[in-house]
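> Need a 3D model of the following:
(one chain, ligands or ions: 3)
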Amino acid sequence: MDDNTFGVFNPATGQWYLDNGNGKWDGCISGVPTTTQDQCLGQFGLPGDIPVTGDWDGIDGQVTVGVYRRIPNSSTNDQFLLTNRTSGPTVDRIFATGPGTFNYQPVVGDWNGNGLVGVGVYRPSTGTFYFKNYFTTGPMNTKSYMVNPATYSVRPVVGQWTGSGTKTQTGLYAYSGPPGKQYPYWYLDNGSRTYPSCRENQCYLFYPPGTNTATLIPATFGPSKVKGN
Ligand SMILES: [Ca+2]
Ligand SMILES: [Ca+2]
Ligand SMILES: [Ca+2]
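Residues are numbered from 1 along each chain as shown. Ligands and ions are numbered 1, 2, ... in the order given. Predicted structure coming up:
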């Protein structure tokens with residue numbers, strides 16, 4: 001699968017459906033997609049897994065799939081299960097993180113800016129991101145702190161908030177405010193990997209009036225398409 005295409009993961013069956021790059025469903029084959037057919041990867045993952053994507057081997061430029069597997073409330077370690085193959089559900093790499101009781105949420109990014117993607121996790125109870133730059137055994141390489149501004153519905157997000165440099169930056173999408181008046185805020189790190197306050201970093205409130213904001217799910221994109229902003 002080339003960069004800048006998209007796909008969907010069915011968490012009930014562990015099956016992936018990847019677009020061939022034309023932005024519409026064309027029917028699918030199991031092998032490499034063609035100009036006239038999308039790709040059905042077959043099962044890669046189990047019900048409850050969280051989908052992730054990245055160029056895990058960093059040598060062929062191909063973005064491939066993976067899943068983050070967590071057994072909630074368990075002392076069993078979570079795992080990233082990743083494949084480097086563009087067809088076929090073989091697991092090439094397994095990377096363990098921490099116990100399911102930590103409620104880790106997976107993130108993917110180039111944390112050290114060397115052009116190679118790594119994985120990471122966010123621990124909601126402590127407001128901490130842990131990053132892994134290389135898929136070697138051993139502890140995570142770096143960590144960073146974010147204020148945990150709310151007690152529920154906190155989602156980690158990654159992107160390039162400052163628009164400079166090559167390191168992937170982190171943020172939180174979280175509900176914050178007094179009881180009964182909680183709204184979805186974006187808390188975006190400026191790259192310092194610490195979060196003293198909104199003054200040093202970026203905080204935004206964005207939602208369409210009249211919607212049930214509790215049902216909204218955040219998504220991040222590249223640089224703004226609105227000129228002048
Ligand atoms: Ca297509
Ligand atoms: Ca690759
Ligand atoms: Ca990297």
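> Point out the residues in this structure that sit beside ligand 3.
Taking CB under 5 Å from the ion, the part of the chain that reaches ligand 3 is made up of Asp110, Asn112, Asn114, Leu116, Gly118, Asn133. C-beta coordinates here come from the backbone N, C-alpha and C atoms, glycine included.
> same thing but at 6 Å, please
Within the chain, the positions adjacent to ligand 3 are Asp110, Trp111, Asn112, Asn114, Leu116, Gly118, Asn133 by CB under 6 Å from the ion.
> Apply the buried test to those and list what passes.
Buried subset of those (neighbour count, 16 or more other CB atoms under 10 Å): Asp110, Trp111, Asn112, Leu116, Gly118, Asn133.
> between the residues you listed, which is nearest ligand 2?
Closest to ligand 2 out of these is Leu116 (10.3 Å), distances taken as CB to the ion.
> Surely the closest one is in a helix?
No. Applying DSSP: H, G, I helix; E, B strand; the rest coil, one finds Leu116 to be coil, outside a helix.
> centroid residue for this structure?
Residue closest to the average C-alpha location in the chain (CA atoms, centre = their mean): Val107, at 3.8 Å.
> is it fair to say it lies in a strand?
Yes. Secondary structure of Val107 (three-state DSSP): part of a strand.
> Now for the nearest residue to Ser75 once chain neighbours are set aside, how many residues are close by?
In space, and not counting its chain neighbours, Ser75 is closest to Pro99: 4.8 Å by CB to CB, 6 or more residues apart in numbering. Pro99 is flanked by 16 other residues according to other CB atoms under 10 Å.
> isn't Ile71 right next to Gly98, touching?
No. Using CB atoms under 8 Å, Ile71 makes no contact with Gly98, being 11.7 Å away.
> tell me, what's touching these two both at once?
When contacts are counted by CB atoms under 8 Å, 6 or more residues apart in numbering, Ile71 and Gly98 are jointly contacted by Asp78.
> ok so, going back, any chance of the residues of the chain next to ligand 3 in a markdown table with pLDDT as columns?
Converted to a markdown table, the residues of the chain next to ligand 3 look like this (pLDDT from 0 to 100):
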| residue | pLDDT |
| --- | --- |
| Asp110 | 93 |
| Trp111 | 92 |
| Asn112 | 91 |
| Asn114 | 92 |
| Leu116 | 93 |
| Gly118 | 94 |
| Asn133 | 92 |
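> That concludes my questions; thank you for your assistance.
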